[in-house]
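1. how does the following fold in three dimensions:
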Amino acid sequence: MMRTKDYPFPNATPFLIQETDVLGQIKPRGITVLKRFKHHVLNAPDLNVTYAGLGIRLLAAIIDMMILLCALLLLETIFSSFKYTYNDFNGFRLFICIFTWLFYNVLFECSVYQATIGEMVLKLKVVDLYGKRMSVLRSFFRGITAIISILPVGIGLWYLTTDAKKRTWHDMIAGTYVIKS
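-> This is a model prediction of the structure:
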């Protein structure tokens, strides 16, 4: 809080006084990364849609896993010719699996289809709070936060059975819905 002799109001900062960082540079007043993800659930309209439940989302995930398994087996045959130690190769496998899964979900969920192949087969879509297509950044954020839903024994995934709009933890964090189209 800053007070000057000519400006007695404690809550407002005068226009002439600007914040500076440690090096004396003026701080920009632009939008931060966290403000871009700030979504107001209370201001979002109620969508007139049918939300996807646990069973159909699980079936879509199984279809996607089978597709990714085929792609990963192809990558495994390509990379298995290199000379790795057993521990290095398992770490590399884990990195490739997570990267492929994340790339697959981000690529398809922010496309014009708004769904992965498994979700397209079952006629599901992933939308934001306003029923529109997600941005690449929001889709990437949703994919990263899916790990938060999976880590505590999948509690974040099972949460959708108690939520009225069938949202998992990563849906709630990213501000998305999975709907039937």
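2. which other helices and strands contact the helix or strand where Ile173 lies?
-> Ile173 is part of helix 169-174 when elements are defined by DSSP states H and E. Applying 3 or more C-beta pairs under 8 Å, 6 or more residues apart in numbering; DSSP states H and E, one finds that helix 169-174 contacts helix 136-150, helix 155-158. (C-beta placed from N, C-alpha, C; glycine too.)
3. now tell me what touches the shortest one from outside.
-> Pointing back at helix 155-158 there. Applying C-beta atoms under 8 Å, 6 or more residues apart in numbering, the external contacts of helix 155-158 come out as Leu54, Ile148, Ser149, Ile150, Thr168, Trp169, His170.
4. out of these, who's the most crowded?
-> In terms of neighbours by other C-beta atoms under 10 Å, the contacts of helix 155-158 top out with Thr168 at 27 neighbours.
5. and stretch 70-81, how far out from the chain's middle?
-> Mean-position distance between stretch 70-81 and its chain equals 27 Å (C-alpha atoms, centre = their mean, to the nearest Å).
6. that should have said stretch 167-179, apologies.
-> Distance of stretch 167-179 from the chain centroid (C-alpha atoms, centre = their mean) equals 8 Å.
7. just the mean pLDDT for that stretch, thanks.
-> On average, the pLDDT along stretch 167-179 is 89.
8. return the residues in contact with the spatially most central residue of the chain.
-> Among the residues of the chain, the one closest to the centroid is Arg142, at 1.0 Å (C-alpha atoms, centre = their mean). By C-beta under 8 Å, 6+ apart, Arg142 lies in contact with Asn105, Glu109, Val126, Met134, His170, Asp171, Ile173, Ala174, Thr176.
9. rewinding a little: dump the contacts of helix 155-158 into TSV; add distance to Trp101 as well.
-> As requested, the contacts of helix 155-158 are exported to TSV (distance: C-beta to C-beta, whole Å):
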residue	distance to Trp101
Leu54	20
Ile148	15
Ser149	14
Ile150	11
Thr168	16
Trp169	17
His170	13
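10. identify the farthest-apart pair in those residues.
-> Farthest pair in the contacts of helix 155-158 (C-beta to C-beta) is Leu54 and Ile148. Separation: 17.9 Å.
11. can you give me the strands in this protein?
-> Ranges of strands in the chain, per DSSP state E, are 50-51, 124-128, 176-180.
12. which one of the ones you listed lies closest to Leu75?
-> Of the strands of the chain, nearest to Leu75 by C-beta to C-beta is strand 124-128, at 25.4 Å.
13. thinking again about what came up before, to Ala71, which of the strands of the chain lies closest?
-> Of all those, strand 124-128 sits nearest to Ala71, with 20.5 Å by C-beta to C-beta.
14. roughly how far out does the lengthiest helix in the chain sit from the chain middle?
-> As assigned by DSSP state H, the longest helix anywhere in the chain is helix 54-79. Centroid separation between helix 54-79 and its chain, computed with C-alpha atoms, centre = their mean, is 19 Å.
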